[in-house]
Each structure stands twice: as C-alpha cells, then as structure tokens.
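A.B. asks: Sharing a sequence plus its predicted fold:
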Amino acid sequence: MSRSALDAFDRKLLALVQRDSGRSADALADAVGLSPSAVLRRLKRLRAQGVILAEIAVVDPAKVGKPNFFLAALEIERERPEHIARLRQWLAAEEWIQQVYYVTGTADFMLVVVAPDVAAYDALMSRLMADNPNVRRFTTNVALGVGKRSLFVPVDPAD
C-alpha cells in the first residue's frame, strides 16, 4: 500500500491504535469523527493490506522477572544471500531476540536481546555462533537501564 493510499482518517486511526490497540471502536470513532462500523471496516482493511502487522501487549519487564536487555552487534564473514537468509531465519526463530536490524558500518546486524541473566545470554550467543559459522564475531552492550521501549511509527497526518 502506498503512502498516498492512506487518508487522514486512516492516519489518525493508525496513530491512535499504536498507542492503545485495546481502545473500543466507539472510543476510536469519537476520536476520529467516524462511526464505529466505519472504524472497524478501516481497521480490517489496514490489517488485510499489511499496514497493521500485529496487535500486541507491551509487558512491564519488572513485573515478569526483570529480564536484562542486551544490544549485540554481529559481524559476518560473507554476505552471500543464502548465508544471510539462513541467519535471518535463525534470528527470527529465537524468542529472546526482540529486534534484528541489517545495518551499515562495522557491524552487519544489530540485535536487541532480552534474557533472564548474563549466563542465559551467553548460552544463546554461544548457540548462535555454533549454529551460524558465517558469524565472525559479536560485541555486546548491556543495557543498564531502559529509558524508552517502543515500536511506535510516527504517522504524518497530512496527505
């Protein structure tokens, strides 16, 4: 879907549901100036078109065991498409790996990893290295605190 295919109502709905996807159709309708049924149709269309990829709950880490956050930079040996595809598949399958970015610079991939402790993170990264011989090395930064966690994508209200 192209950017221009989103009208002002779609854009406002996207901004609202990114902040709270649990809002009722009535509340969303009041906020955007449409009927609840029109809101539900638009949301259904945005899901079907792949604009809305998922609706999730954001969990407070401190209330579920206080996991640790790690930022890992991976360097790979060769950027052959089949090696990259295999590594991406492996990374996507790992539940503790929250985000994966293919980047420019000294690293090839940046990962956001959540793990219960340093030992569990070390075991995950040891497995990553053993299962993916194309990974040359990785470096890790440990998050001492989390100032903001979000996947919010700003949606320009203008067409």
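C.D. replies: Cool, the structure landed. Numbers count the residues shown, from 1 in each chain.
A.B. asks: any idea of the mean pLDDT for stretch 109-125?
C.D. replies: The average pLDDT within stretch 109-125 is 97.
A.B. asks: Kindly report the same for stretch 151-159.
C.D. replies: Stretch 151-159 shows a mean pLDDT of 82.
A.B. asks: can you list contacts of it?
C.D. replies: For stretch 151-159, the external contacting residues (C-beta atoms under 8 Å, 6 or more residues apart in numbering) are 4, 6, 7, 8, 11, 12, 14, 15, 18, 19. C-beta: built from backbone N, CA, C; applies to glycine.
A.B. asks: just for the protein, where's the confidence low?
C.D. replies: 1-4, 158-159 (pLDDT under 70).
A.B. asks: any idea how far the residue lying closest to residue 103 once chain neighbours are set aside is from residue 67?
C.D. replies: In space, and not counting its chain neighbours, residue 103 is closest to residue 110: 5.3 Å by C-beta to C-beta, 6 or more residues apart in numbering. Separation of residue 110 from residue 67 (C-beta to C-beta, to the nearest Å): 19 Å.
A.B. asks: nearest residue to the residue sitting furthest away from the middle of the chain other than its sequence neighbours?
C.D. replies: In the chain, the greatest distance from the average C-alpha position (C-alpha atoms, centre = their mean) is reached by residue 35, at 30.7 Å. Spatially, and ignoring its direct neighbours in sequence, residue 35 is nearest to residue 29 (5.8 Å; C-beta to C-beta, 6+ apart).
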